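*Asks:* Any chance you could fold what I've pasted below:
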Amino acid sequence: MKYIFVTGGVVSGLGKGIVAASLGRLLKQRGLKIASQKFDPYMNIDPGTMNPIQHGEVFVTEDGAETDLDLGHYERFIDENLNKYSNLTSGKVYWRVLNKERNGEYNGQTVQIIPHVTNEIKRFIRKNAEYTKADIVITEIGGTVGDIESQPFLEAIRQFALEVGRKNCLFIHVCLVPFISGSDEYKSKPTQHSVKEMQSNGINPDIIITRSHDDCGENIRNKIAAFCNVDNDCVIQNSTARSLYEVPIMLHKNGLDKVVCKKFHIKNKCDLSSWKEMIKNIHSRKGKVVIGLVGKYVSLKDSYLSIVESLNHASYSNHKYVEIEWIDSEKITKENVNESLKNVQGIIVPGGFGNRGIEGMILACEYARTNKIPYFGICLGMQIAVIEYARNVAHISNANSGEFIENGNKVIDIMEDQIGAKIGGTMRLGAYPCSIKDNTIMKEAYNSSLIYERHRHRYEFNNKYRDELEKYGLVISGTSPDNKIVETIEIRNHPFFIGVQFHPEFKSRPNKVHPLFHQFIKKAIEGNK
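*Replies:* Residues are numbered from 1 along each chain as shown. This is a model prediction of the structure:
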């Protein structure tokens, strides 16, 4: 088994995750089985309780792990389901070490960063390798080299490389090469200093990825190779691409997978024909459809990263560009709802927590229902649709969610086994089965009677109101196989109005669009003709 570690230098936000994901796709196209994981230096146990406006979305794996959004890139690029060993934080490392100490597993030893913390990090790498049985494990180290919180991870991967043998391990360092407009030149010095910082940690990068908006030039790359002690072909240019999904092709053209395979003595050929066909399809789109994304975290687009990418995937399959109109649900009122939504051909209400902006979402849902605008409610968006229908169609006064009110008609309420539970890691998480009824939007989209989708929520459709809402025409189109939990709702005599309790955006791929997103965009386009 081979191991690749991807680190970043100079500044954060360089796209280490995209590099790791792109390399995974290139190696997969050579017939290799790839596993990915991300190590994050922050002290949270996982991102589950972190503010989306600060951290971005929480990506959920099939087995229910709440993880960093970069894992979404890994799944979309590599098309391999990740797992509970795919994301590790400093908080989780220290939590495990301290629990072992309390349980006496260290036999009274003085617990230290080295070896106990570093051993726990190395154990996680091995667990992922054993669990996936991959040919190559790609591990991204979050943060920037030089950050104090990253040091235990760097020390752990330094030790790990010695334990598995340097011939089985590669270090890839992604660095910013800034352009100085005053002198009209790129500068290699920040990269040199960053590599020096890596070397001070006992790690000599095998490959350096130079990140710049345009090509920094062969002279700069050769200079970096000379001063950073790597071969010229091991300095790879990473420029800004037209589409995120063009990055693998660009890195392949610049020799990344070739030099990785050379160092690992892998001779498999890379077949990118299907990926190139997808890129061709991306750039052949004509015209556009405008989708209103009504959410409470719109100030940070990464809060809805997987939804944005899923809409893009649906635009590829429907051959039209999707233009997203970002609409802050807090700013929607009865007086301005028509004006706020007049330009959109479809409305999507994504997941979220807390009562901020809820009434604006309900107004947007009502607008979509009454004006025959395609509506797609995801998780909270499904609950919003139930509340809106209960209030305005079934005339259930004071209808709301138990998340937002203490008294009243809680058409959405907490699961019984969640009463009194802590917030972190206690939701319904991961893949669950859903039985689909015939003659529904769900059945038309999936063409299947049983599906598995990923969940991340604590509140459910309250079955006490099920008969009443069905009497007024609400369609329960998907349930748990035992029919006890409502998974999806929809209404008839509408082009597309559906709410799903799960998160379909986590399973969409650029070359395998999710059926619900495809149908949503298709109906939005048809309504705009």
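*Asks:* Please make it C-alpha for all contacts and neighbour counts, starting now.
*Replies:* OK.
*Asks:* Contact partners for Ile384?
*Replies:* 358, 361-362, 365, 377 (CA atoms under 8 Å, 6 or more residues apart in numbering).
*Asks:* Take the residues you listed and keep only those in strands.
*Replies:* Taking DSSP state E, the ones among these that sit in strands are Gly377.
*Asks:* Most distant residue from the centre of the protein?
*Replies:* Distance from the C-alpha centroid of the chain, by CA atoms, centre = their mean, peaks at Gly108 (40.9 Å).
*Asks:* okay, now the residue lying closest to that residue once chain neighbours are set aside: neighbour count?
*Replies:* Sequence neighbours aside, Glu101 is the residue nearest to Gly108 in space, at 7.9 Å (criterion: CA to CA, 6 or more residues apart in numbering). When neighbours are counted by other CA atoms under 10 Å, Glu101 registers 17.
*Asks:* Could I get the pLDDT score of Glu101?
*Replies:* Predicted confidence (pLDDT) at Glu101: the value is 95.
*Asks:* if I read this right, it contacts Val111, doesn't it?
*Replies:* Yes: with contact defined as CA atoms under 8 Å, Glu101 counts as touching Val111 (7.4 Å).
*Asks:* Point to the helix or strand of this protein where mean pLDDT is at its lowest.
*Replies:* Every helix and strand of the chain was ranked by mean pLDDT, DSSP states H and E. The lowest is helix 52-55, at a mean of 86.
*Asks:* give me the low-pLDDT residue ranges for the stretch 401-529 of the chain?
*Replies:* The stretch 401-529 of the chain contains residues with pLDDT under 70 at 416-426, 528-529.
*Asks:* Please tell me how far the least confident helix or strand of the chain is from the chain's geometric centre.
*Replies:* Offset of helix 52-55 from its chain centre (CA atoms, centre = their mean, to the nearest Å): 13 Å.
*Asks:* and after it, which helix or strand comes next?
*Replies:* As assigned by DSSP states H and E, the chain's next helix or strand after helix 52-55 is strand 59-60.
*Asks:* What strands line up against that next one, and which way round?
*Replies:* strand 66-67 (antiparallel) (DSSP bridges).
*Asks:* quick one: average confidence on the partner strand?
*Replies:* Computed over strand 66-67, the average pLDDT equals 94.
*Asks:* which other residues reach the next helix or strand after it?
*Replies:* For strand 66-67, the succeeding helix or strand toward the C-terminus, using DSSP H and E, is helix 70-78. Helix 70-78 is contacted from outside by 17-18, 20-22, 24-25, 28, 34, 36-38, 59, 80-82, 86-87, 245, 306, 506-510, using CA under 8 Å, 6+ apart.
*Asks:* how does it look with 7 Å?
*Replies:* Residues from elsewhere that reach helix 70-78 (CA atoms under 7 Å, 6 or more residues apart in numbering): 17-18, 21-22, 24-25, 36, 59, 81-82, 306, 509-510.
*Asks:* mind putting the residues you listed in CSV, distance to Gly217 included?
*Replies:* As requested, the contacts of helix 70-78 are exported to CSV (distance: CA to CA, whole Å):
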residue, distance to Gly217
Gly17, 24
Ile18, 22
Ala21, 24
Ser22, 22
Gly24, 26
Arg25, 26
Ser36, 31
Phe59, 37
Asn81, 37
Leu82, 37
Ser306, 34
Arg509, 33
Pro510, 31
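*Asks:* Closest one to Asp233 out of the residues you listed, please.
*Replies:* Asp233 lies nearest to Ser22 out of these, by CA to CA, at 18.2 Å.
*Asks:* Doesn't the closest one lie inside a strand?
*Replies:* No: counting by DSSP: H, G, I helix; E, B strand; the rest coil, Ser22 is not found in a strand; it is helix.
*Asks:* Name the nearest residue to it, ignoring sequence neighbours.
*Replies:* Nearest residue to Ser22 in three dimensions, chain neighbours excluded: Pro248, at 4.6 Å (CA to CA, 6+ apart).
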